[in-house]
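> This is a predicted model, with the sequence first.
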Amino acid sequence: MGRHFFMNKYLIVFVTILIFSPLAGARGVYISSKDFVEGAFSGAENAAVKSNLKVVRLTPEAQREIKQIIGQSYPAKRIRYWKQGTRSAWIIDQIGKTEPITVGVVVEQGKILQLKILVFRESRGSEVRHSFFTDQFLGLNLSPGNKLGDHVDGITGATLSVIAVKKVARLALYLDQFASSVESKSVGLTKPSR
């Protein structure tokens, strides 16, 4: 009994480690917000990135559109983003199953240029951080109804994380359009110099 007991005990511990070790490694900060934003603008100096920080006030109409995209009201009346030329960078949190997933999205001329998972807090579904998944978003735009312009394949066992990332992609594309329209209106309101 003594030898089998110890063999079974070690086998149980070994199997437990194998099963739960991928879950323990799922959570984490994969890239800082600062590094993401600097990378979005080709390594721009920190001061230059800070000077490109903008804030857009969400109108009631924008709030309704956002609620339709993410399935709930956005928790703030304003959202910050970074912009340089036609390129914008957005950092958005979206709940996966129970915890927020922080996603960075770079949009240029109405298409996703880059999508990265910055922070993953869930115990499952971290596969969404890998390029085999995130690369599917590159070049996508919004089609009518604020849907993604093309299909994005899911990941078995990460359904809620996949849904959350798709919502963020749609939201970033919508916000880029909205912010651009607000900027163009405010440019039209400025008085021409004589």
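Looks like it arrived, so ask away.
> residues contacting the residue nearest to the spatial centre of the chain?
For the chain, Val103 is the residue whose C-alpha lies nearest the centre (Cα atoms, centre = their mean; 2.2 Å). Contacts for Val103 (Cβ atoms under 8 Å, 6 or more residues apart in numbering) come out as 91-94, 115-118, 164-165, 168-169, 172. Bear in mind the C-beta positions are built from the backbone N, C-alpha and C, glycine included.
> Which positions in the longest helix seen in the chain come out as buried?
In the chain, ranked by residue count with DSSP state H as the criterion, the top helix is helix 159-189. Applying a neighbour-count criterion of 16 or more other Cβ atoms under 10 Å, one finds 160-180, 182 buried in helix 159-189.
> How about stretch 92-110?
For stretch 92-110, a neighbour-count test (16+ other Cβ under 10 Å) marks 92, 94-96, 99, 101-108 as buried.
> Please convert these to CSV, extending it with distance to Lys34.
Formatted as CSV, those follow (distance: Cβ to Cβ, whole Å):
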residue, distance to Lys34
Ile92, 16
Gln94, 20
Ile95, 24
Gly96, 23
Glu99, 22
Ile101, 19
Thr102, 13
Val103, 16
Gly104, 11
Val105, 16
Val106, 15
Val107, 19
Glu108, 20
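> Please convert those to JSON lines, extending it with pLDDT, secondary structure and distance to Ala40.
Supplementary listing: those in JSON lines, determined by pLDDT from 0 to 100; DSSP: H, G, I helix; E, B strand; the rest coil; distance: Cβ to Cβ, whole Å:
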{"residue": "Ile92", "pLDDT": "97", "secondary structure": "strand", "distance to Ala40": "14"}
{"residue": "Gln94", "pLDDT": "96", "secondary structure": "strand", "distance to Ala40": "19"}
{"residue": "Ile95", "pLDDT": "95", "secondary structure": "strand", "distance to Ala40": "24"}
{"residue": "Gly96", "pLDDT": "94", "secondary structure": "coil", "distance to Ala40": "23"}
{"residue": "Glu99", "pLDDT": "95", "secondary structure": "coil", "distance to Ala40": "24"}
{"residue": "Ile101", "pLDDT": "97", "secondary structure": "strand", "distance to Ala40": "18"}
{"residue": "Thr102", "pLDDT": "98", "secondary structure": "strand", "distance to Ala40": "14"}
{"residue": "Val103", "pLDDT": "98", "secondary structure": "strand", "distance to Ala40": "13"}
{"residue": "Gly104", "pLDDT": "98", "secondary structure": "strand", "distance to Ala40": "7"}
{"residue": "Val105", "pLDDT": "98", "secondary structure": "strand", "distance to Ala40": "9"}
{"residue": "Val106", "pLDDT": "97", "secondary structure": "strand", "distance to Ala40": "4"}
{"residue": "Val107", "pLDDT": "97", "secondary structure": "strand", "distance to Ala40": "10"}
{"residue": "Glu108", "pLDDT": "96", "secondary structure": "strand", "distance to Ala40": "10"}
